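**Q** Sequence first, predicted model second:
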Amino acid sequence: MPEAPRTRRGPDLTVNPVSAVRGGLTPSLWDLLAFATLLAVFVLIGFGTRGVFGTLEESAAKAVSLDPRQLPWFAARTSLRMIIALVVSTLFTLGYATLAAKNRRARTFLLPLLDILQSVPILGFVSAVVVLFMNLTPGRVLGAELVAVFAIFTSQVWNMTYSLYHSLITVPRELEEMAHSFRLSPWMRFWRVELPFAMPALVWNAMMSMSGGWFFVVAAESISVGRSSVALPGVGTYIASALGASDLGAVGWAVLTMAVVILLYDVFLFRPLVAWSSRFHYDTSATTQVAPRSLVLEALRRARWVSAIRGPLARLGRGRPGGRVQRPMAKAPSAAIVRRTDRLWGALAALVTVAALWLVVRYLATEIAFDEVLHVLLLGVYTMLRVFVLVALASLIWVPIGVQVGLRPRLTAIVQPLAQFFAAFPANLLFPVAVWAIVRYQLDPNIWLSPLMILGSQWYILFNVTAGASGIPGELRDVSANLQLRGGLWWRKLALPAVFPTFITGAITASGGAWNASIVAEFVHWGDTTVEAAGLGTYIVAATNAGDQPRIILGIAVMSLFVIVTNRAIWQPLQRRASERFRLA
């Protein structure tokens, strides 16, 4: 009688309940790391909120201190403000960018409004809300904290909004077809298909937005608008005090503190986010790539108590499967009704625009002479020429570097924290060098102050190009390798077309960032020495320091006009071309 075939038994999966309980209660190394991360978050919150409900007089007395021992507390206060602003920016981005991408009629309002908001300098936002927020809690620090958080929010949010909007309008067609085949509802399509596709680029732009917040932290924490002033304990106020006192030692301590804080941000926040978002990398090939790693993310994934909490939350978030299926669509309106609605909506948009322009012109006509308006327009031309030249030069430098970094994940892990630090480096810290060199060698400020404008915004190009290069599908890389594309042909046929959509996003935000940076780059001082360049930035700073509301509005209006015209004439046609011609499958 033949012997029955033997089956290979796997390991015994029977678990002793007592050992299971012991194993669940015994903390592992991953549990300790996860607990340390959570403890660091609570320490930051507790340390950073100290004194938030105090009086403005007490806060102002502590804010101007140049004692280096106060820097840990200052860093905690600044970091907490920036994290809160980043959370608010993310929520705003999810709502605003999604509505602009999904609703064609809303887009006619939202995109021009986004151009205007991006072009308004941080001093313009602060001058509009400083009195409002400070009157919410008279004499208390909390109102001033809201001013600072709002100012940092305005320096972070536009880059993220542009990134998500561009990703939503360039979702690969095969992903859209998949969502249609599975009959996903609009919510599930956004949550399961579109947002995951946009997540890698959004995370990279969130990193850049955090660095942009550091760039403007001096203006957010230490600012005066007419008779109203905001001086909060923080790294930005410390830098402003050090510059005012011409204390190079204090400037060095501020730079060291920024480096430590940015490194901690990278370890505990952005490196885990980059590693987590790599799971959404769009690639239809079987090519394996080196995924970025994070010790903090690994600890959160392997910690037993985190898994015990995550399981019930995940089951609660799944909901009923039936909620994922798209309901039958209602009958679409006729083409005639659509045309009439579009005409009515366009007429309403034109009416609102004309009314807003009329109110602004009418207000300014009673306060400012026409000759001064022409002069401010000329100042806008000077600043615009600087922006164009600087963005072009930055593109020539950072596009090739960004492509090479994005194609090498290990190199990305090295360059990422360095780029974050240099992107966060405030231009104010270079004022001593700029003022000394211009005065010592009698240089033209109109030329040699210009590099300060691109100091922070050039990194938008590097980060977006790096994100675009890291998202090149493996199958395209395999095809280019099989065809033996080399040199200029490889750049023309693969690299540049692949990163062109994200480069346009980076160029738009870099241009807007350069316009904003003109308020700190065209008017610099070190101690009692002040150097000025002719431009809109100098005009707005002078009007803000004098509390001259009509001239603040005129400067902001002219800057918004220039940004809208350049976006409509240059950037949006390029963005439309990128979404149509260089869109993935």
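**A** Thanks, I have it.
**Q** now for the strand or helix carrying R410, which elements pack on it?
**A** Using DSSP states H and E, R410 maps to helix 409-424. Counting contacts by 3 or more C-beta pairs under 8 Å, 6 or more residues apart in numbering; DSSP states H and E, helix 409-424 is packed against helix 195-215, helix 248-265, helix 271-277, helix 370-406, helix 451-470. Quick note: C-beta positions are derived from backbone N, CA and C, even for glycine.
**Q** rerun at 6 Å
**A** Secondary-structure packing of helix 409-424 (3 or more C-beta pairs under 6 Å, 6 or more residues apart in numbering; DSSP states H and E): helix 195-215, helix 248-265, helix 370-406.
**Q** So which residues make contact with the first one?
**A** Which is helix 195-215. With contact meaning C-beta atoms under 6 Å, 6 or more residues apart in numbering, helix 195-215 is reached by 82, 152, 155-156, 159-160, 163-164, 167, 171, 270, 273-274, 277, 280, 282, 420, 423-424, 426, 456, 460, 463, 467.
**Q** do the same with the shortest one
**A** Applying C-beta under 6 Å, 6+ apart, the set of residues contacting helix 248-265 from outside is 66, 68, 71, 75, 79, 238-239, 242, 420-421, 424, 429.
**Q** how distant is that helix from the center of its chain?
**A** Distance of helix 248-265 from the chain centroid (C-alpha atoms, centre = their mean, to the nearest Å) equals 21 Å.
**Q** Buried residues, that helix. List them.
**A** Counting neighbours by 16 or more other C-beta atoms under 10 Å, one finds that the buried residues in helix 248-265 are 250-251, 253-254, 257-258, 261-262, 265.
**Q** quick one: that helix to helix 409-424, angle?
**A** For helix 248-265 against helix 409-424, the angle by axes from the mean of the first three to the mean of the last three C-alpha atoms, to 10 degrees is 140 degrees.
**Q** how about helix 248-265 as CSV, C-alpha atoms only?
**A** Extracted in CSV, the C-alpha atoms of helix 248-265 (Å, rounded to 0.1, in the frame of the first residue of the first chain):
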residue,chain,number,x,y,z
LEU,A,248,27.5,89.1,16.2
GLY,A,249,27.8,86.6,19.1
ALA,A,250,24.1,86.6,19.6
VAL,A,251,23.6,86.1,15.9
GLY,A,252,25.9,83.0,16.1
TRP,A,253,23.8,81.6,19.0
ALA,A,254,20.7,82.1,17.0
VAL,A,255,22.1,80.3,14.0
LEU,A,256,23.2,77.4,16.2
THR,A,257,19.7,77.2,17.7
MET,A,258,18.1,77.2,14.3
ALA,A,259,20.3,74.3,13.2
VAL,A,260,19.5,72.2,16.2
VAL,A,261,15.7,72.8,15.8
ILE,A,262,15.7,72.1,12.1
LEU,A,263,17.6,68.9,12.7
LEU,A,264,15.0,67.8,15.3
TYR,A,265,12.2,68.7,12.9
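**Q** tell me the angle of that helix relative to helix 195-215?
**A** Using the same axes, to 10 degrees: helix 248-265 against helix 195-215 is 170 degrees.
**Q** picking up where we left off before, save the buried residues of helix 248-265 as CSV, and put in pLDDT too.
**A** Shown next, in CSV, are the buried residues of helix 248-265 (pLDDT from 0 to 100):
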residue, pLDDT
A250, 89
V251, 85
W253, 91
A254, 88
T257, 90
M258, 85
V261, 88
I262, 83
Y265, 83
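**Q** Quick one: end-to-end length of stretch 65-72, please.
**A** Across its full length, stretch 65-72 reaches 13 Å between end residues, using C-alpha to C-alpha, to the nearest Å.
**Q** whoops, I mixed them up, stretch 115-126
**A** 18 Å.
**Q** for the record, mean pLDDT for that stretch?
**A** Taken as a whole, stretch 115-126 carries a mean pLDDT of 75.
**Q** One more: stretch 183-201?
**A** 89.
**Q** tell me which residues in it are buried?
**A** Result for stretch 183-201 [16+ other C-beta under 10 Å]: buried residues 184, 188-190, 192-201.
**Q** again, but for stretch 45-64
**A** So for stretch 45-64, counting by 16+ other C-beta under 10 Å, buried means 48, 51, 56, 59-60, 62-63.
**Q** how about it as PDB, C-alpha atoms only?
**A** The C-alpha coordinates for stretch 45-64 follow below in PDB (Å, rounded to 0.1, in the frame of the first residue of the first chain):
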ATOM      1  CA  ILE A  45       3.800  71.700  24.100                       C
ATOM      2  CA  GLY A  46       4.400  72.300  27.800                       C
ATOM      3  CA  PHE A  47       7.600  74.300  27.300                       C
ATOM      4  CA  GLY A  48       6.300  76.300  24.400                       C
ATOM      5  CA  THR A  49       3.000  77.400  26.000                       C
ATOM      6  CA  ARG A  50       4.600  78.800  29.100                       C
ATOM      7  CA  GLY A  51       3.700  82.400  29.400                       C
ATOM      8  CA  VAL A  52       1.000  82.400  26.700                       C
ATOM      9  CA  PHE A  53      -1.600  83.700  29.000                       C
ATOM     10  CA  GLY A  54       0.600  86.300  30.600                       C
ATOM     11  CA  THR A  55       0.500  90.100  30.000                       C
ATOM     12  CA  LEU A  56       2.100  91.800  27.100                       C
ATOM     13  CA  GLU A  57       4.400  93.900  29.300                       C
ATOM     14  CA  GLU A  58       5.900  90.800  30.900                       C
ATOM     15  CA  SER A  59       6.300  89.100  27.500                       C
ATOM     16  CA  ALA A  60       8.000  92.100  25.900                       C
ATOM     17  CA  ALA A  61      10.500  92.400  28.700                       C
ATOM     18  CA  LYS A  62      11.500  88.700  28.300                       C
ATOM     19  CA  ALA A  63      11.400  88.900  24.400                       C
ATOM     20  CA  VAL A  64      14.200  91.400  24.000                       C
END
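**Q** and which of the buried residues of stretch 183-201 is nearest to I556?
**A** Checking the buried residues of stretch 183-201 against I556 by C-beta to C-beta gives A201 as the nearest, at 29.5 Å.
**Q** distance of that closest one from A275?
**A** 15 Å (C-beta to C-beta, to the nearest Å).
**Q** same check, this time on V64
**A** Using C-beta to C-beta, we find V64 at a distance of 41 Å from A275.
**Q** Please apply the same query to L99.
**A** 30 Å.
**Q** Looking at these two, which is more packed in?
**A** A275 (20 against 14; other C-beta atoms under 10 Å).
**Q** is it true that that one touches P292?
**A** Yes. With contact defined as C-beta atoms under 6 Å, A275 reaches P292; the gap is 4.7 Å.
**Q** what would the contacts of helix 248-265 look like in JSON lines with secondary structure?
**A** Shown next, in JSON lines, are the contacts of helix 248-265 (DSSP: H, G, I helix; E, B strand; the rest coil):
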{"residue": "L66", "secondary structure": "coil"}
{"residue": "P68", "secondary structure": "helix"}
{"residue": "L71", "secondary structure": "helix"}
{"residue": "A75", "secondary structure": "helix"}
{"residue": "S79", "secondary structure": "helix"}
{"residue": "Y238", "secondary structure": "helix"}
{"residue": "I239", "secondary structure": "helix"}
{"residue": "A242", "secondary structure": "helix"}
{"residue": "Q420", "secondary structure": "helix"}
{"residue": "F421", "secondary structure": "helix"}
{"residue": "A424", "secondary structure": "helix"}
{"residue": "L429", "secondary structure": "helix"}
